[in-house]
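Curious how this folds, go ahead:
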Amino acid sequence: MPENKIKYYALGPISHRVTRNADTLRENIIISPIGDFDSNLISLVGQEVHRIFGYRTQTEPLIQHVDFAFDSTRNQHRSTPILEKLADMAPPRAIKILGITRVDLFIPILTHVYGEAQLGGKACIISTHRLNEGLGMGVWKPFTRRVVKEAIHELGHTFNLRHCQSHTCCMHYCRSIKDVDRKSEQLCRYCKVLLEDTIKRLAEK
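Residues are numbered from 1 along each chain as shown. Here you go, the predicted model:
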């Protein structure tokens, strides 16, 4: 794939704080729910995103629906057009955008994805559709942990992190919900260093 093309990554606490200039401090990671979500869930995602990436977060619905991405032959929504729409709608202050939807997402080569991201790009999205798998009604904590993990994972791709071989690292590739449960909400030592380097480069621009 040519270098000028945006790559996409999909899925089936950093203790340091990087020194940033004044312009970078004004940049936010936008949490963009699509549809109605529990405010406590969105708040928790924002807190955990701030903990890992250090940027302030702001909740701002950028698109109202994803009907334009619906595929009637699969009864699912394609995630890539949604990413492109989110990136197009990005306000100037947005360093990254995390979309959150309830619809079932897919890319053509997979039956479904928990999320997708533009590798090194602006936008990522996660779906909560399958993150209740194996949980009873009203089971809150395991569900929210899954959502947080996928949010960190997909945002990690936008900061140019690839899939990690460590099974406990949040950047590990998940083939099933058991893999999601097995990994932690943390980045491994190696991924922390890579993230720090990326954030430093962004701060110097």
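
so where is the protein shaky, pLDDT-wise?
Low-confidence segments of the chain, defined by pLDDT under 70: 1-26, 137-138.

quick one, helices of it?
Counting by DSSP state H, the chain has helices at residues 22-25, 39-53, 79-88, 141-158, 177-182, 189-204.

can I get the CA coordinates of stretch 35-50 in PDB?
Written as PDB, here are the backbone C-alpha positions of stretch 35-50 (Å, rounded to 0.1, in the frame of the first residue of the first chain):
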ATOM      1  CA  GLY A  35     -26.900   7.500  19.600                       C
ATOM      2  CA  ASP A  36     -27.900   7.500  23.300                       C
ATOM      3  CA  PHE A  37     -25.400   6.100  25.800                       C
ATOM      4  CA  ASP A  38     -25.200   6.000  29.600                       C
ATOM      5  CA  SER A  39     -23.400   9.200  30.600                       C
ATOM      6  CA  ASN A  40     -21.500   7.200  33.200                       C
ATOM      7  CA  LEU A  41     -20.000   4.900  30.600                       C
ATOM      8  CA  ILE A  42     -18.900   7.800  28.400                       C
ATOM      9  CA  SER A  43     -17.400   9.600  31.400                       C
ATOM     10  CA  LEU A  44     -15.500   6.500  32.400                       C
ATOM     11  CA  VAL A  45     -14.200   6.000  28.800                       C
ATOM     12  CA  GLY A  46     -13.000   9.700  28.900                       C
ATOM     13  CA  GLN A  47     -11.200   9.200  32.200                       C
ATOM     14  CA  GLU A  48      -9.400   6.100  31.000                       C
ATOM     15  CA  VAL A  49      -8.500   7.700  27.700                       C
ATOM     16  CA  HIS A  50      -7.000  10.600  29.500                       C
END
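
Quick one: residues in contact with that stretch.
For stretch 35-50, the external contacting residues (C-beta atoms under 8 Å, 6 or more residues apart in numbering) are 29, 31, 33, 55-59, 65, 98, 100-102, 144, 147-148, 151-152, 155, 185. For the C-beta atoms, the positions are set from N, CA and C on the backbone; glycine is no exception.
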